[in-house]
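# Structure, please.
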Amino acid sequence: MKIYVLIIACMLCSTTAFAQYCSLQKGQKLYYEVLTGEKKIETYTSVVGVETKNDSTFITLGDFAPKMNEKMKDTLFYHKVAYANGNTLVYLQDEESMKNNMFSLMAAALNKNDMTAAKEKFEVNGQICLLLNEKQKKGDKIKANEMSIRIKPVTMTVSIKGEYEGTETISTPAGQFDCVKVTYSMKMKFFMFSDESQITEWYAKGVGLVKHEEKSRKLGQKMVKTLTKIAE
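Coordinates of the predicted model:
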């Protein structure tokens, strides 16, 4: 009997050690409070798709965005997460999702001919991603990466660099979570304009993003996004 208990305990420890920093439960919704200055809105992220290929799992997340004015509809902006061998790769921005999100916005404002012309002028290259695993230590550097977004003839570039801050336990309305903490700067260059946002994020195993803090260098406005509820 003892040997079976030991085997089960080892299996549970192994599962915990390699748990992913995202949800794998399709249909699960993570609700957030987003506070920007004095403006507060409620939003959520939904696990839209979960697909396993060989030893990797690919997750599609939909970020629900309430309409900003009467002409716009409530929208889901998609992004991806990949998990394999104890590594969680969070795509903050990727080519496919960026194109689909932009085309979705364009479709609400353009007719068919204008939409076709706009697609021909729109190009995306590169990706902005964040690698999370238990091997990273406080002070380790986040791999710098860059994305270029081109709407002919104009090109905008986005890049990040930062470091891992170790682990931290934080309390939110959704509960208390043991998180991996990261800080990074995201730079945007567009014509003569450039801006840089300082970002801190906390990710929990089996959940994903628990808290996000962001402050723009030029605008000076701070945005805080906090997990408030998890719905199965």
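# Remind me which helix or strand the residue nearest the centre of the chain belongs to.
Centroid-nearest residue in the chain: L92, 4.5 Å away (criterion: C-alpha atoms, centre = their mean). Under the criterion of DSSP states H and E, L92 resides in strand 87-93.
# thinking again about what came up before, out of everything not next to it in sequence, what's closest to the residue nearest to the centre of the chain?
Of all residues not flanking L92 in the chain, I128 sits nearest, at 4.4 Å (C-beta to C-beta, 6 or more residues apart in numbering). Quick note: C-beta positions are derived from backbone N, CA and C, even for glycine.
# What distance do you get for the one you found to G27?
27 Å (C-beta to C-beta, to the nearest Å).
# Give me the more crowded residue out of these two.
I128 (20 against 12; other C-beta atoms under 10 Å).
# how about the more buried one, what does it touch?
Shown in contact with I128 (C-beta atoms under 8 Å, 6 or more residues apart in numbering): Y91, L92, Q93, D94, N145, E146, M147, V158, S159, I160, M186.
# Now do the longest strand along the chain: which elements does it pack against?
Using DSSP state E, we find that the single longest strand of the chain is strand 154-172. On a contact count with 3 or more C-beta pairs under 8 Å, 6 or more residues apart in numbering; DSSP states H and E, strand 154-172 meets strand 128-132, strand 141-151, strand 175-190, strand 193-204, strand 208-216, strand 222-231.
# The spatially closest residue to K211 that is not a sequence neighbour: what's it in contact with?
Nearest non-adjacent residue to K211, counting by C-beta to C-beta, 6+ apart: W202, 4.5 Å away. Residues counted as contacts of W202 (C-beta under 8 Å, 6+ apart) are E168, I170, F177, C179, V180, K181, L209, V210, K211, H212.
# any idea how far L132 is from the nearest residue to the first one once chain neighbours are set aside?
Taking C-beta to C-beta, 6+ apart as the measure, E168 lies nearest to K181, with 4.8 Å between them; neighbours along the chain are not counted. Remark: distance between K181 and L132 (C-beta to C-beta) = 10 Å.
# Those two: which is more packed in?
L132 (23 against 17).
# which residues touch that one?
Y21, N87, T88, L89, V90, V180, V182, Y203.
# Next: F77.
Contacts of F77 (C-beta under 8 Å, 6+ apart): G62, D63, A65, S97, N101, S104.
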